[in-house]
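> Predicted model and sequence below, questions to follow.
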Amino acid sequence: MSTDKNRATAAAILPLVGGPDNISSIAHCMTRLRIALHDRSLVDEEALRALPAVLGVVEDETYQIVLGPGTVARVTPEFEALVEEGRSPRTSEPPVTAGELADRGAALKQAQKARNSTPVKLFLRRIANVFVPLIPALIGCGIIAGLNGVLLNTGWLPAVVPALAAIASGFMSLIAVFVGYNTAREFGGTPILGGAVAAIIVFPGVAKIDAFGQHLSPGQGGVLGALAAAFLAVHVERLCRRWVPESVDALVTPTLTVLTSGLVTIFGLMFLAGEVATAIGSFATWMLAGGGAFAGLVLGGLFLPLVMLGLHQALIPIHTTLIEQTGHTALLPILAMAGAGQVGAALAVYCRLPRNRSLRTTIRSALPAGFLGVGEPLIYGVSLPLGRPFVTACVGGAAGGAFVGLFNQLGVAFGATAIGPSGWALFPLLDGPSGLGTNLAIYAGGLLTGYVVGFAATYFFGFTRRMLTELNADQEPAPAAAPPKEPAMAKS
């Protein structure tokens, strides 16, 4: 029955995005089905938003349909299968004139510019694409590490502890290789060459090498070094493909790519990336220890706009660097408070609009994901289209962030052993020197603060009288299902 439901959802979405022949590529992240379209004018967005399974849509570099965690991973394969089955043979496609192609290309180019896809945003998203595929392993290994810590502290099952330690640490010890592989793939190089160059960073033999007057350490530079090394390898490979004769390309290009990039990595990038990673860790520690409440206020308040713009994934390298250095990232529990503010705001909207059945249905369907820290359904389905509740949700996130940051400032520091989850799902990943009970209590207090402040700010300041009059009525579809503003408008 579950498979039939997922296939039915995919079948309902497909004609509303222009059919199989309008789709050029398909992918998904934790909550969104991401599709590249030939012609966006063929999308029936109003009907798409009205589907029960669709929690919202986002227009970006790709067309993104918010389905929620778990659901998107099950619907995507069904959607891919339907697209493949329904594609028309090339011979049946109507002829397209050169003028039509030129007009279509001009329209697509103009639409791309209108979506405010700046080089910086595109680069950050590509960096995020390197790390997003690694999140499932980071989550799994992080939870296992937390379980192993509990067993170690309680003395239970001592024979199992070394095995769990190996399982939890194996991936993290080689994460640089996976980062290098994904970097080369994302930036147009040969993935295995990117992985080969990044593997140098974690090879134990580098401890025998002297660079900048000191011996290198295996893992020095971490994921930042792997990212830089693989990025360099992509460009070296491109130069080789351009100048090396085809007759010897298969031998010369891989050799020169690994050799050149490897030498630069050993005698330059590992040291520089190590210094940058150390600076990131030192700055995060100083910021939270010296001004934790204010830092938490700012970080918690600004995180929802980053999620709205899809740029929050660019923080993954920083989280990963902190985990490599200290075993946990102290930033994630603070940033997770933004989701608490969003949940509180959604609950206030639910209470303030008792007669808006459609919007209340959207909130009921999106709240479970919101409690687990997945904010996109509530952002794009509720608060952002309404406007003011999005701002008041940020206020709730700022309050929760200040609460958690204050305890960091008072010396009760803790963090998450992995990235990906937030909300209630982050509880199993909390770790710190003050003990599990203290960590859980502070994090729960932060969530409660975010819920309460987000609710109160939205209930009392989230609506004008006119909004309440227009929205508090039986309507279908709900106003919250209106298309989201362009990013430039959403910031204001």
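Received it, and whenever you're ready, just let me know what you need. Residues are numbered from 1 along each chain as shown.
> Show me the strands in this protein, by range?
Across the chain, reading from the start of the chain, the strands by DSSP state E fall at 23-28, 32-37, 56-59, 63-66, 210-211, 214-215, 415-416, 430-431.
> quick one: which of these is nearest Ala369?
For Ala369, the closest of the strands of the chain is strand 63-66, at 9.5 Å, according to C-beta to C-beta. (Glycine included, C-beta is placed from N, CA and C.)
> Adjacent strands (with direction) for the closest one?
Sheet pairing here is set by DSSP bridges, and for strand 63-66 it gives strand 32-37 (antiparallel), strand 56-59 (antiparallel).
> okay, the ones you listed in TSV with distance to Leu299 next?
As requested, the strands paired with strand 63-66 are exported to TSV (distance: least, C-beta to C-beta, whole Å):
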stretch	distance to Leu299
strand 32-37	24
strand 56-59	23
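> any chance of the ones you listed in CSV, with mean pLDDT too?
Conversion of the strands paired with strand 63-66 to CSV gives the following (pLDDT from 0 to 100):
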stretch, mean pLDDT
strand 32-37, 88
strand 56-59, 80
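> can you redo these as TSV with mean neighbour count?
What follows is those, written out as TSV (neighbours: other C-beta atoms under 10 Å):
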stretch	mean neighbour count
strand 32-37	21
strand 56-59	22
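> To Phe131, which of the ones you listed lies closest?
Taking C-beta to C-beta as the criterion, Phe131 comes closest to strand 32-37 out of the strands paired with strand 63-66, the separation being 15.9 Å.
> Off-centre distance for the closest one?
On the basis of C-alpha atoms, centre = their mean, to the nearest Å, strand 32-37 is displaced by 15 Å from the centre of the chain it belongs to.
> any residues touching it, and which ones?
Where contact means C-beta atoms under 8 Å, 6 or more residues apart in numbering, the residues beyond strand 32-37 that reach it are 13, 17-18, 22-28, 43, 58, 62-67, 72, 75-76, 79, 376.
> if you set the cut-off to 6 Å instead, what comes out?
Here strand 32-37 makes contact (C-beta atoms under 6 Å, 6 or more residues apart in numbering) with 22-27, 62-67, 72, 76.
> Also stretch 223-232?
Applying C-beta under 6 Å, 6+ apart, the set of residues contacting stretch 223-232 from outside is 176, 179-180, 183-184, 194, 197-198, 201, 261, 265, 269-270, 273, 276-277, 317, 320.
> Show me the shaky parts of the chain.
Counting by pLDDT under 70, the chain shows low-confidence ranges at 1-2, 30, 69, 88-118, 310-311, 473-492.
> residue nearest the centroid of it?
With the centre of the chain defined as its mean C-alpha position, the nearest residue by C-alpha atoms, centre = their mean is Gln313, 3.7 Å away.
> Am I right that that one is in contact with Ala128?
Yes. Between Gln313 and Ala128 there is a contact at 3.2 Å, judged by C-beta atoms under 6 Å.
> show me what contacts the closest residue to Leu332 other than its chain neighbours?
Distances taken as C-beta to C-beta, 6 or more residues apart in numbering place Ala416 nearest to Leu332, at 4.2 Å, with adjacent residues excluded. Residues in contact with Ala416 (C-beta under 6 Å, 6+ apart) are His328, Thr329, Leu332, Leu426, Leu429.
> Make a markdown table out of the residues you listed and add neighbour count and distance to Ala226.
Conversion of the contacts of Ala416 to a markdown table gives the following (neighbours: other C-beta atoms under 10 Å; distance: C-beta to C-beta, whole Å):
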| residue | neighbour count | distance to Ala226 |
| --- | --- | --- |
| His328 | 25 | 20 |
| Thr329 | 28 | 18 |
| Leu332 | 25 | 21 |
| Leu426 | 23 | 26 |
| Leu429 | 24 | 23 |
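> Take the residues you listed and write them to JSON lines, including distance to Pro389.
Conversion of those to JSON lines gives the following (distance: C-beta to C-beta, whole Å):
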{"residue": "His328", "distance to Pro389": "32"}
{"residue": "Thr329", "distance to Pro389": "29"}
{"residue": "Leu332", "distance to Pro389": "25"}
{"residue": "Leu426", "distance to Pro389": "24"}
{"residue": "Leu429", "distance to Pro389": "29"}
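> quick revisit: just the ones in helices from the contacts of stretch 223-232, please.
176, 179-180, 183-184, 194, 197-198, 201, 261, 270, 273, 276-277, 317, 320 (DSSP state H).
> Out of these, which is nearest to Phe390?
Where those are concerned, and distances follow C-beta to C-beta, Phe390 has its nearest neighbour in Pro317, at 27.1 Å.
> Now for that closest one, how many residues are close by?
By the criterion of other C-beta atoms under 10 Å, Pro317 has 21 neighbours.
> Enumerate every residue touching it.
Counting by C-beta under 6 Å, 6+ apart, the residues that Pro317 touches are Val223.
> Okay, it and Ile135: tell me how far apart.
According to C-beta to C-beta, to the nearest Å, Pro317 and Ile135 sit 13 Å apart.
> With Pro162 instead?
Separation of Pro162 from Ile135 (C-beta to C-beta): 26 Å.
> just Leu468 next, same as before
Shown here: Leu468 relative to Ile135, a distance of 40 Å by C-beta to C-beta.
> Please identify which of those two sits among more neighbours.
Neighbours of Leu468 and Ile135, each counted by other C-beta under 10 Å, are more numerous for Ile135; the result is 17 against 13.
> Check the gap between the more buried one and Ala346 for me.
When C-beta to C-beta is the yardstick, Ile135 and Ala346 sit 25 Å from each other.
> and what of Leu251?
Going from Leu251 to Ala346 by C-beta to C-beta gives 60 Å.
> quick one: which of those two has more around it?
When Leu251 is set against Ala346 and neighbours are counted by other C-beta under 10 Å, the residue ahead is Ala346, at 29 against 10.
> Verify the contact between that one and Ile363 for me.
Yes. Because the distance of 5.1 Å satisfies C-beta under 6 Å, Ala346 is recorded as touching Ile363.
> list residues touching both of the two?
When C-beta under 6 Å, 6+ apart defines a contact, the residues bordering Ala346 and Ile363 alike are Val382.
> what about Arg357, how many neighbours?
The local packing of Arg357 (other C-beta under 10 Å) involves 14 other residues.
> Not counting residues beside it along the chain, what's closest to Leu353?
Counting by C-beta to C-beta, 6+ apart, the nearest residue to Leu353 once its immediate chain neighbours are dropped is Asn472, at 5.0 Å.
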